[in-house]
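Chemist: Sharing a model prediction with you, sequence too.
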Amino acid sequence: MKGKVRSLLEWRSGVVQEAPLAKKDFFSAKKNGNENQAREVKHILQIFGASGDANDSEFSAEIGHTRVSFWDCLIDKEYLNFLQENNLPYTEAKTENSINRISGTASNPRQTERVPAGTQFSFTLSFKQFEGDDEALLNTLLKGLKLLEWDSLGGSGSRGYGKISFSQLTINGEDAQQKFDEIQPF
């Protein structure tokens, strides 16, 4: 999840590349005078961290430590009890095939194991806010989570797999769902 959110934010920033953003990308954006892009690259690096080439005191002082940690998403305990009480599966097999567009015949049958739609997971992430951090960092992370809702998680997203939504979001124990629902990342 962490990599997907980072990737979506990099796409949104307009500086996506094969490898995750790094120190050189931050200084390149600053040098080119594109302040908005430099700010977005900086926020992404502050939130998700920079690669090991970041041993540079000027850079380290400006970026600081990684702010976010994503934790395992386990099936919600109440939902798990519901599955067990109703003898429902935790996963399902979806059968697919390819259709020859000329002859109209099916070929290449295969099964994909997936989590059934509607499965509920408990999700936790830790976000560190250091002295001098402003609300923009947290807002950038929330935009990334909203982009994930608009996209998909895992493989076969173009087939409708991996659609997720966040509900009952809290920040420091306080309800943040309405704030999240109102986010427009673009």
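Modeler: Thanks, I have the structure now. Numbering: from 1, shown residues only.

Chemist: and for stretch 144-154, what are the contacting residues?
Modeler: Residues external to stretch 144-154 that are found in contact with it (Cβ atoms under 8 Å, 6 or more residues apart in numbering): 1, 4-6, 8-9, 12, 47, 157, 160-166, 180, 183-185. For every residue, glycine as well, the C-beta is placed using N, CA and C.

Chemist: Stretch 72-82 now?
Modeler: With Cβ under 8 Å, 6+ apart as the criterion, stretch 72-82 contacts 1, 83, 88, 90, 119-123.

Chemist: cutoff 7 Å now
Modeler: Counting contacts by Cβ atoms under 7 Å, 6 or more residues apart in numbering, the residues outside stretch 72-82 that touch it are 119-123.

Chemist: Buried among those residues? Need that as a selection in ChimeraX.
Modeler: Buried residues among these (16 or more other Cβ atoms under 10 Å), as a ChimeraX selection:
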select :119,123
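
Chemist: now, which of the contacts of stretch 72-82 lie within strands?
Modeler: Using DSSP state E, the members of those that fall in strands are 121-122.

Chemist: Please, where are all the helices along this protein?
Modeler: Along the chain, the stretches classed as helices by DSSP state H are 2-13, 23-31, 35-48, 57-63, 77-85, 135-150, 177-181.

Chemist: just those helices: most buried one?
Modeler: helix 35-48 (a mean of 20; mean count of other Cβ atoms under 10 Å).

Chemist: packing partners for that one?
Modeler: Identification of packing neighbours for helix 35-48 by 3 or more Cβ pairs under 7 Å, 6 or more residues apart in numbering; DSSP states H and E yields helix 2-13, helix 23-31, helix 57-63, helix 135-150.

Chemist: Leaving out sequence neighbours, find the closest residue to K30.
Modeler: Beyond its immediate neighbours in the sequence, the residue positioned closest to K30 (Cβ to Cβ, 6 or more residues apart in numbering) is A38, lying 4.7 Å away.

Chemist: still on that earlier bit, which one of the helices and strands packed on helix 35-48 has the lowest average pLDDT?
Modeler: Out of those, the stretch the model trusts least by mean pLDDT is helix 57-63, with a mean of 79.
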